[in-house]
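J.: sharing a sequence plus its predicted fold:
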Amino acid sequence: MLALTHLPSPHMAACLRMQADAPPIDGQVAARQHAEYRRMLRRCGATLRVLRANRRYPDCVFIEDTAVVLDEAAILCSMGHSSRRGEPAGIEPVLRRYREICRIELPATIDGGDVLRVGRRLIVGLSRRTNVAAAGLLSTIAGRYGYEVAPVAVTGCLHLKSACTALPDGRLLANPAWVDCSALRQFELVPIPACEPKAANVALVGETVCAAAGHPQTVDLLRNLGFHVVTTDLSEFAKADGCVTCLSLLL
């Protein structure tokens, strides 16, 4: 597995945040945590490419939002916030080496953090960053390769993957308060502990579950279910609504 990551911007303190009163981001700590995140991915067996092309953009470290990567193609996103719309062009040359390139264009808007792949199904969060038009265009593009798109309403968080991600056995780790679970009836859900509302985001590298160290009850829950779980501290990225999956594109 190849993991594309992007170094944090020197302007990360100015990145977009849902809460205006969120604590300030320490850039030096963020850089150390990102290095540990990369080491975690390598320990799990991923090959890394570390990009720096977008460092003028405060949110560039959240590379997941720039594209939806399928086995057959990479779909560049027309991102939901105007300040981020230059980012996909910065990673396109790298993605082009590995995948055919497709695009979703404005006025449709979509962030990669709103697209969860489970097998040949793409669950698309309808959120403040991703609209119905984009879900329709994604259905058309991904349908060429045999994928089915299923929209689901997202509330209470920025992106779908803050509320719901896949586990190695096909179950979904979820915060039912943040996603319309009625649209996920075909999946078995594993609810996270209510005291850790931001813990539903995990990344899979093979059969290993990568989780944020700040959610110990959820980590224990996953280990008790028999999963191999590794953790890393992402506290500075959490201040900007960032999660484990946000910091990489896995190919």
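T.: That came through fine.
J.: okay, the nearest residue to residue 251 once chain neighbours are set aside and residue 122: tell me how far apart.
T.: Closest residue to residue 251 apart from its sequence neighbours, by C-beta to C-beta, 6 or more residues apart in numbering: residue 2 at 4.4 Å. All C-beta atoms are positioned from the backbone trio N, CA, C, and that covers glycine. Counting by C-beta to C-beta, to the nearest Å, the separation of residue 2 from residue 122 is 20 Å.
J.: likewise residue 220?
T.: Computed as C-beta to C-beta, the residue 220 to residue 122 distance reads 30 Å.
J.: which one of the two is surrounded by more residues?
T.: Neighbour count, other C-beta atoms under 10 Å: between residue 220 and residue 122, residue 122 has more, with 22 against 12.
J.: from residue 58, how far out is the more buried one?
T.: Residue 122 is 28 Å from residue 58, by C-beta to C-beta.
J.: got it, and residue 3?
T.: Distance from residue 3 to residue 58, by C-beta to C-beta: 22 Å.
J.: and for residue 132?
T.: Residue 132 is 28 Å from residue 58, by C-beta to C-beta.
J.: looking at these two, which one has more neighbours?
T.: Neighbour count, other C-beta under 10 Å: between residue 132 and residue 58, residue 58 has more, with 21 against 11.
J.: so what's that one up against?
T.: Contacts for residue 58 (C-beta atoms under 8 Å, 6 or more residues apart in numbering) come out as 9, 11, 12, 13, 14, 15, 16, 83.
J.: so, low pLDDT: which residues of the stretch 151-251 of the chain?
T.: Along the stretch 151-251 of the chain, the model assigns pLDDT under 70 to no residue.
J.: need the helices for it, in chain order.
T.: 216-224, 235-238 (DSSP state H, counting those that start in this stretch).
J.: can you redo those as TSV with distance to residue 136?
T.: Converted to TSV, the helices of the stretch 151-251 of the chain look like this (distance: least, C-beta to C-beta, whole Å):
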stretch	distance to residue 136
helix 216-224	34
helix 235-238	31
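J.: looking at the ones you listed, which is buried most?
T.: helix 235-238 (a mean of 21; mean count of other C-beta atoms under 10 Å).
J.: counting by contacts, list what that one packs against.
T.: helix 27-43 (3 or more C-beta pairs under 8 Å, 6 or more residues apart in numbering; DSSP states H and E).
J.: average pLDDT for the helix it packs on?
T.: Helix 27-43 carries an average pLDDT of 97.
J.: out of the contacts of residue 58, who's the most crowded?
T.: residue 12 (25 neighbours).
J.: tell me if I'm right that that residue and residue 240 touch.
T.: Yes - assessed by C-beta atoms under 8 Å, residue 12 is found in contact with residue 240 at 7.4 Å.
J.: identify the contacts common to the two.
T.: Common neighbours of residue 12 and residue 240 (C-beta under 8 Å, 6+ apart) are 25, 59.
J.: neighbours around residue 168, how many?
T.: 15.
J.: correction: residue 183
T.: 14.
J.: quick one, what contacts the residue lying closest to it once chain neighbours are set aside?
T.: Leaving aside its sequence neighbours, residue 183 sits nearest to residue 152 (C-beta to C-beta, 6+ apart; 4.1 Å). Residues counted as contacts of residue 152 (C-beta under 8 Å, 6+ apart) are 123, 124, 125, 126, 160, 179, 180, 183, 184.
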